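1. Predicted model, plus sequence, below.
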Amino acid sequence: MTWTIRRSLVCSTLAIALGAAPTLPVLAATVTAQDADAAGDPEGLSAAAVVKFEAKEYDAAVDLFQQAYDVDPQPNYLFNIGRVYEEKGDLENAVVFYQRFLEQPGVDLESRQAATERIKILREALDQLATEEVPPPEEETTPPEETTPPEETTPPEETTGTDDEAKAKRKKILRITGYSLLGVGGAALIVGGIFGGIASGTINEADADPFVDRKSALRDRAQGQARVADAMFITGGVLAVAGAALVLSTIGGKKASGDVEARRTRWNPVIGPQRVGLGLTHRF
C-alpha cells in the first residue's frame with residue numbers, strides 16, 4: 001500500500017513536469033509544507049510542491065521539491081525543479097536542473113529523451129535572447145560642417161621616370177602581392193590540416209564513448225571541425241594558386257635590339273566556377 005501511494009505521488013509530480021494537468025489526490029492537496037517538512041516525508045513535500053506550482057508560487061515549489069530531493073534523491077525531483085524554473089521564466093536554471101537530471105543513474109530512456117529535448121529548446125531560446133539583448137549602436141552625432149576645401153591645382157607633369165621604370169615598379173608590386181598570397185594560402189592549408197587531424201581525433205573519441213548523448217555531441221563537434229578544415233583547404237588552395245599566378249605573371253622576356261619586339265611569355269591566373277589554375281599567353 002505504501003509503495004502504491006508513493007509511486008502515484010512521484011508519477012503525478014512527473015506529469016506536472018512534462019506539462020500535463022493531472023488531478024492531484026485529495027490528501028496531497030491538504031498537505032502543507034510545514035507538516036511535510038516536520039515529518040520529513042518526501043512524498044508529502046512533493047505533493048505540497050505541486051500545490052504551490054499550480055498556485056504559481058514557483059519559488060516555494062522549488063524549495064519544496066529541493067527538500068524532497070534532499071530527503072529522498074529521486075531524479076524526478078530534479079526534473080520537476082527544472083520544469084518549475086522553466087514555467088517561471090528562469091531558463092538558465094531550468095537548463096541546469098534538466099542537465100543534472102540527465103546525469104543521474106537509472107533514468108529511463110523516455111524521460112531522458114524528454115529532458116534532452118527541453119535542454120535543446122531552452123538553449124536555442126537563450127541564444128535568441130542573448131542576440132536580442134545586444135545594445136544597439138550609439139546614434140552617430142551630426143558631424144561638423146565640412147569647410148570648403150581649397151581648389152585643387154593640377155599637379156605638374158612628372159618629368160622623371162620612364163615607361164620601363166613604371167612597368168618594373170608594377171611587376172615588383174605584383175610579385176610582392178603574389179608572395180604574400182602564397183604565404184597566407186600556405187598558412188591556411190596548414191591550419192586546415194590541423195583541424196582535419198583534430199576532427200579525426202574527435203570522431204575516434206566519439207566512437208569510443210559508451211554514452212549516447214556524449215557520443216552525439218562529439219560527432220557534432222567533429223563535423224564542425226571538419227567543415228573548418230574544408231574551408232581552410234579551399235581558401236588556402238585558392239590563395240596559393242592566385243599568389244603563384246601573380247608571381248609567374250611578373251616573369252617575362254626582354255625586348256630585342258632594334259625595332260623588332262621580342263617574344264613575350266606571360267602567365268595569367270584562370271579562376272572560374274569549374275576550375276582554378278594558370279593560363280599561358282605567348283606573344284610574338
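-> On my side now, so go ahead.
2. What average pLDDT does stretch 192-201 get?
-> The average pLDDT within stretch 192-201 is 91.
3. which of the residues in that stretch are buried?
-> For stretch 192-201, burial by neighbour count (16 or more other Cβ atoms under 10 Å) applies to G192, F195, G196, I198, A199. (Each C-beta comes from the backbone N, C-alpha and C, glycine too.)
4. was I right about the last one contacting A226?
-> Yes - taking contacts as Cβ atoms under 8 Å, A199 lies within contact range of A226: 4.3 Å.
5. that older thread, mind putting the buried residues of stretch 192-201 in TSV, secondary structure and distance to P42 included?
-> Output for the buried residues of stretch 192-201, formatted as TSV (DSSP: H, G, I helix; E, B strand; the rest coil; distance: Cβ to Cβ, whole Å):
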residue	secondary structure	distance to P42
G192	helix	56
F195	helix	50
G196	helix	52
I198	helix	46
A199	helix	47
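6. now those residues as JSON lines including distance to F53?
-> JSON lines is the format used below for these (distance: Cβ to Cβ, whole Å):
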{"residue": "G192", "distance to F53": "52"}
{"residue": "F195", "distance to F53": "47"}
{"residue": "G196", "distance to F53": "50"}
{"residue": "I198", "distance to F53": "45"}
{"residue": "A199", "distance to F53": "45"}
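7. for those, which one is nearest S180?
-> G192 (18.7 Å; Cβ to Cβ).
8. and that closest one, what is it in contact with?
-> V228, A229, D230, A231, M232, F233, G236 (Cβ atoms under 8 Å, 6 or more residues apart in numbering).
9. does the nearest residue to A199 once chain neighbours are set aside belong to a helix or a strand, and which?
-> Closest residue in space to A199, ignoring its immediate chain neighbours: Q225 at 3.7 Å, by Cβ to Cβ, 6 or more residues apart in numbering. In this structure, Q225 sits in helix 212-249 according to DSSP states H and E.
10. For that helix, give the mean pLDDT please.
-> Here the average pLDDT along helix 212-249 is 87.
11. Mind giving me the packing neighbours of that helix?
-> Helices and strands touching helix 212-249, as assessed by 3 or more Cβ pairs under 8 Å, 6 or more residues apart in numbering; DSSP states H and E, comprise helix 163-208, strand 264-271, strand 276-283.
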